[in-house]
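1. Provided below for reference: sequence and predicted model.
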Amino acid sequence: MTSFVLQVVQTLLCIALAPLVTGLVRFVKSRLQGRRGPSLLQPYRDLYRLLQKEAIVADSASWLFRFAPYVTFAAVWLAAAMVPSFSTEMLLTPAADLIALVALLGLARFFTALAGMDVGTSFGGIGASREMMIASLAEPAMLMMTFTLSLLAGSTAPAIIGGFVVGGGVGLEVSLALALAAVVMVAIAETGRIPVDNPATHLELTMVHEAMVLEYSGRHLALMEAAGMLRLLLYMSLIACIFAPWGVAQPGAGLGGLALGFVAYCGKVAAMAVALAWFESMIAKMRVFRVADFLGGALLLAVLATIFLYVSEAV
Amino acid sequence: MTVIVALGAFLPLAVLAIVGGAMAAVHRVVYAGCFLAAAALALSGLFFFGGPAAPQTLVLPFGLPWLQAHFRLDALAAFFLIIVNLSAAAASLYGVAYGAHLPEPRRVTPLFPLFLGGMNAVLVADDAFIFLVAWEFMSLSSWLLVLSEHRSAESRHAAFVYLVMAVFGTFCLLPAFGLLAGAGGGYAFDAMRASELGPVAATLVVLLALMGAGSKAGVVPLHAWLPLAHPAAPSHVSALMSGVMTKVAIYGLVRVLFDLHGEVAWWWGAVMMVVGGVTAVLGVLYALMQYDLKRLLAYSTVENVGIVVIGLGLAIAFKDEGEAALAALALVAALYHALNHSLFKSLLFLGAGAVLTATGERRLDRLGGLLHRMPTTGTAFLVGAAAISALPPLNGFVSEWLIFQSLFRGPALAHWTMKFGVPVVGAMLALAAALAAACFVRAFGIAFLGRPRSQVASGAAEVEGAMLAAMVALAVLCIGLGVVPVTVTGAIAAVAEPLTGVRLPTAVGLGWPWLSPVSSIRGSYSATVVTLSGLALIALTAFAVRRFGTRALRRAPAWDCGHREDIPNAQYSADSFAQPLRRVFGTTVFAAREQVVMPPPGDIEPARFTLHMRDPVWDGLYAPLARVVGRLADLVNRLQFLTVRRYLLMMFGTLVALLLMVAARQ
């Protein structure tokens, strides 16, 4: 029963928190750039306004175009709801391990890319083809990171890996650091942040994610935007759950433990949002074809993480 | 034995097709008969798992006089009967409508039942003679089916290459069985199971089986015939060749390596994993570069065979190390993937056939927008594309999840080669899986989405009911096998049990819908729960959007950043979609070079874009080999034009040499 209640709370929490995190990143970024910046609540207002607007669908669009936002949003939402944030005691946690989470994000990407191609414009095609190129390197890097963690903690489930790390099962491990580096690089690419993609771009030729959703408007665009915000929160939760699992309420924790877990989670996410904003302000966007080098590096780091594990075991 | 009766039904069907081929109705009857026979065979395979699961044997008085014909139905054969006949039934049903659309149906219909019969006979054969005869039956009937469109030079070339490779495959399998039979000549499989192999023979058998069955399955570098031959056949036959015949080859591999041979050394597992990894990555990279829908699907078969071979190699390595439970896991994963691939690849080929019927086109760049005009075909194809891209909750993901779970246990192996090799193979598998998604976004997106790129694509119409029924049935199976994975792995565990000695527990600690084959904490996946909660979230989202937003919707011309383009060819094409991936991977693997010739300003010449790519396997292996064979043939050819005097001299020399040999031996 507790696990069911906590699952419902978590599912609602991530949808409630995701726009706020995006708002925080934008706010910190504008402060770093010397602007006052919009209110933290601006993303909520944007989404609400989009929901109120009439949706315009291109003449050449098929049913897939209208269906894709719902699948994309639900898949990302489901994935986000299954990553433990403040408590590991949740009903759906055993339904998907890291491999399944990666695949759920893959499902969302598959439908977004197809929706980009559905209308038959060149910008949609550009976005879809670049997104699949990025994913073709990011996904293996993510899976190899899972490999390292499963060797280290004996499990592919994020909750159990987190429990293992917080239980002192691993000391300072080189592999863990390499895996963290890999997952951060993948997260940057998959959430479409600078230097891989620019979420605020207005130049079509440099777009990746924005180009795929270019034809969307109204409620469909709201869902696509919300899915993007959820994806950002999901990667933050994942990194927090695996690499900084301190404070997370373990099964059987009381109300105090849950409150502590919640505060710790909010603190971790806020810290990551500030770090992301700072990083994005410091760095310039790279050329599309350099992204392959960047993500190839992530893949290599993840493979190295596994190999270092053997080396450290042998020594 | 019902299986033999159903098998026997294929022969009269072929005769009927030859005799009554002039009448259109006869073709329909033959395909309907094939459908019934295949359905009966699939059901008898299913019933085997419901029953006591003891192998049934049968000896019939034909074949070699001192051997007779042995047949046996065990769990492995029954499982592959299901694989073969689910797709065969769908392809036959499809054929009821599609067979009539072919340019020369009389060249196809009689061979179709023979092809089905050959594949099924391989599965129930219990001695080397019947096995090889059935294997050749399968090869030759499919060769004739490839040749059915004999007027196109391309088909003739494909059929020639296929024949050469099929002969090569049997040429390898023949001595493999000879070695297994040993000096005693026990060609029944029971005798082979009992016999012990010497170290050299044991190694040779594995190598020969890998080359023989591997060439049929399309393992790199023996895959060269596959992307030529599979697309050249009529589409329902392509579906069988790609979806099913490769599985029969996998069956041969499993039968020899796990059952007849029994004690394959772990390093063969390592070899198979590397070969499988290279096959998977190269296969999908080739697929990404194709413009022809059917050829793309054929290359993707190469990829999936690679994935199955990785699983088999891992199972061999675990088995030899004594990790029987992990061996069972890897074997179940490989067999599950074989089943899944047979379903979605058949579905995709049938979809390609429907596109071909409706438009007469296989080139991606001439298609587009078909989802509007062929909604059922398009939706079924989408399900197949999502399944082959390993997306949850479909079946392709479950088997890939299982393969990853078993790969992640690879470091349990003691050898350092494996410890370091497994992560590398894992990375290759992950790369192949991700590229497959890109490949099928491209295939579906270009063919079925966007605006029509040609007249034929804009004039397409949905195909006949029987064809749609076959595709929908396969799509439903793809979803079904994905949503209840624990039930399926439970059945496959019974197949793997006699081969590895351990029955894989499928849901440790968590109960039915939770797939956790190792332990409850190692990692679990529940497709059922994911599907249900996903659907609930979609419903909730739709409700919330209606409640808090507006339902107003307006149709308007595409916005495209205000850059209105009416020319359909200005859309992204198959080539432009592949360009980023070609730049990343193709420059090294295929030596891809792009050349753009821009005319100077004021010149009215068009700008030209040329792309050069090389096939590394064909240029590096087959072309030199063909040159050597050609040169040798030229040398031998000279012997045909000698004088009588020289021929007599040669005969005399041979005689002297033989006498000297006899003398030396005594």
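-> On my side now, so go ahead.
2. what about A:I56, which SS state?
-> Under DSSP: H, G, I helix; E, B strand; the rest coil, A:I56 falls in the strand class.
3. make that B:R522, sorry
-> Applying three-state DSSP: B:R522 is coil.
4. Quick one: residues contacting it.
-> A:S150, A:G154, A:S155, A:T156, B:Q405, B:S516 (CB atoms under 8 Å, 6 or more residues apart in numbering or on different chains). For every residue, glycine as well, the C-beta is placed using N, CA and C.
5. quick check, nearest of these to B:V15?
-> Ranked by distance to B:V15 (CB to CB), the contacts of B:R522 are led by B:Q405 at 49.0 Å.
6. Remind me which helix or strand the closest one belongs to.
-> Assigned by DSSP states H and E, B:Q405 falls within helix B:395-407.
7. Ok, A:L238 next?
-> Secondary-structure assignment from DSSP H and E places A:L238 in helix A:218-243.
8. Which elements pack onto the helix or strand following that helix?
-> Later in the chain than helix A:218-243, the nearest helix or strand by DSSP H and E is helix A:255-282. In terms of contacts (3 or more CB pairs under 8 Å, 6 or more residues apart in numbering or on different chains; DSSP states H and E), helix A:255-282 is packed against helix A:2-32, helix A:218-243.
9. Counting neighbours, what do you get for B:F10?
-> The local packing of B:F10 (other CB atoms under 10 Å in any protein chain shown) involves 25 other residues.
10. Identify the residues contacting it.
-> Taking CB under 8 Å, 6+ apart, one finds B:C34, B:A37, B:P113, B:L114, B:L116, B:G117, B:N120 in contact with B:F10.
11. do A:S150 as well
-> Counting by CB under 8 Å, 6+ apart, A:S150 touches A:T156, A:I161, B:F408, B:R522, B:G523.
12. Out of those residues, which two sit at the greatest distance?
-> A:I161 and B:F408 (12.4 Å).
13. Could you report the neighbour count for the spatially closest residue to B:L140 that is not a sequence neighbour?
-> Excluding the flanking residues, the one nearest B:L140 by CB to CB, 6 or more residues apart in numbering or on different chains is B:A166, at 7.6 Å. Neighbourhood size, B:A166 [other CB under 10 Å]: 21.
14. A:R36 now?
-> Residues lying near A:R36 (other CB under 10 Å) number 8.
15. re the thing from before, quick one: the residue nearest to B:L140 from B:M272, how far?
-> 22 Å (CB to CB, to the nearest Å).
16. and what of B:A626?
-> 27 Å.
17. do the same with B:A330
-> Remark: distance between B:A330 and B:M272 (CB to CB) = 11 Å.
18. tell me, what's touching these two both at once?
-> B:L312.
19. secondary structure class for B:R442?
-> Going by three-state DSSP: B:R442 is helix.
20. Could you pull up phi and psi at the closest residue to it other than its chain neighbours?
-> Of all residues not flanking B:R442 in the chain, B:F577 sits nearest, at 4.7 Å (CB to CB, 6+ apart). Per-residue torsions, B:F577: phi -60, psi -40 (degrees, to the nearest 10).
21. Which strand or helix spans B:A430?
-> helix B:416-448.
22. Go ahead and name everything in contact with the helix or strand just after that helix.
-> Per DSSP H and E, the first helix or strand lying C-terminal to helix B:416-448 is helix B:455-458. Outside helix B:455-458, the residues that touch it by CB under 8 Å, 6+ apart are B:T359, B:G360, B:E361, B:R366, B:L367, B:G368, B:G369, B:L370, B:R373, B:P452.
23. Which members of those come out as buried by neighbour count?
-> B:T359, B:E361, B:R366, B:L367, B:G368, B:G369, B:L370, B:R373, B:P452 (16 or more other CB atoms under 10 Å in any protein chain shown).
24. So which of these would count as near chain A as well?
-> B:G368, B:G369 (CB under 8 Å from any CB of the partner chain).
25. would CSV of the buried ones among the contacts of helix B:455-458 with secondary structure and pLDDT be doable?
-> Shown next, in CSV, are those (DSSP: H, G, I helix; E, B strand; the rest coil; pLDDT from 0 to 100):
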residue, secondary structure, pLDDT
B:T359, helix, 93
B:E361, coil, 91
B:R366, helix, 92
B:L367, coil, 93
B:G368, coil, 90
B:G369, coil, 90
B:L370, helix, 94
B:R373, helix, 94
B:P452, coil, 92
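26. quick check, nearest of the buried ones among the contacts of helix B:455-458 to B:A591?
-> Out of those, the member with the shortest distance to B:A591 (by CB to CB) is B:R366, at 27.4 Å.
27. Confirm for me that that closest one is in contact with B:R453.
-> Yes. Contact criterion CB atoms under 8 Å: B:R366 and B:R453 qualify, at 5.7 Å.
28. and the residue nearest to B:M471 when sequence neighbours are not counted, which of the three is it?
-> Nearest non-adjacent residue to B:M471, counting by CB to CB, 6+ apart: B:A380, 4.0 Å away. Three-state call for B:A380 (three-state DSSP): helix.
29. Contact partners for B:A380?
-> B:L347, B:G351, B:L468, B:M471, B:V472, B:L474, B:A475 are the contacts of B:A380 under CB under 8 Å, 6+ apart.
30. got a pLDDT number for it?
-> At B:A380, the model reports a pLDDT of 96.
31. separation between it and B:M138?
-> Taking CB to CB, one finds B:A380 at 27 Å from B:M138.
32. Mind checking the pLDDT average for stretch B:424-433?
-> Stretch B:424-433 comes out at a mean pLDDT of 93.
33. Counting neighbours, which bits of that stretch end up buried?
-> B:V424, B:V425, B:G426, B:A427, B:M428, B:L429, B:A430, B:L431, B:A432, B:A433.
34. that older thread, among the contacts of B:R522, name the least confidently predicted one.
-> Out of those, that is B:S516, at 73.
35. Based on its surroundings, how many neighbours for the closest residue to that residue other than its chain neighbours?
-> Using CB to CB, 6+ apart and skipping residues adjacent in sequence, the residue nearest B:S516 is B:S524, 3.6 Å away. Number of residues near B:S524 (other CB under 10 Å) recorded here: 29.
36. and if you look at B:V644?
-> Residues lying near B:V644 (other CB under 10 Å) number 7.
37. quick one: it from B:L635, how far?
-> The gap separating B:V644 from B:L635 is 21 Å, by CB to CB.
38. circling back to that earlier point, can you pick out the most distant pair from the contacts of B:F10?
-> Spatially, the most separated pair among these is B:A37 and B:L114, at 12.2 Å (CB to CB).
39. and these two? which has more neighbours close in?
-> B:A37 (25 against 21).
40. Pull out the buried residues from the strand or helix carrying the more buried one.
-> Per DSSP H and E, B:A37 falls inside helix B:24-50. Across helix B:24-50, burial judged by 16+ other CB under 10 Å covers B:26-35, B:37-46, B:48-49.
41. Now do that helix, average pLDDT.
-> Here the average pLDDT along helix B:24-50 is 90.
42. need the next SSE after that helix, C-terminal direction.
-> strand B:56-60.
43. Now find how far off-centre the helix or strand just after that following strand is within its chain.
-> The helix or strand immediately downstream of strand B:56-60 is strand B:69-73, counting by DSSP H and E. Offset of strand B:69-73 from its chain centre (CA atoms, centre = their mean, to the nearest Å): 25 Å.
44. from the contacts of B:F10, which is closest to B:V200?
-> B:N120 (34.6 Å).
45. Could you check what's spatially nearest to that closest one, not counting adjacent residues?
-> B:N120 sits nearest to B:L7 (CB to CB, 6+ apart), 5.5 Å away.
46. circling back: quick one: residues contacting the residue nearest to B:L140.
-> B:S139, B:L140, B:W143, B:S215, B:K216, B:W225.
47. now do B:A181
-> B:A128, B:Y187, B:A191, B:M192, B:S195 are the contacts of B:A181 under CB under 8 Å, 6+ apart.
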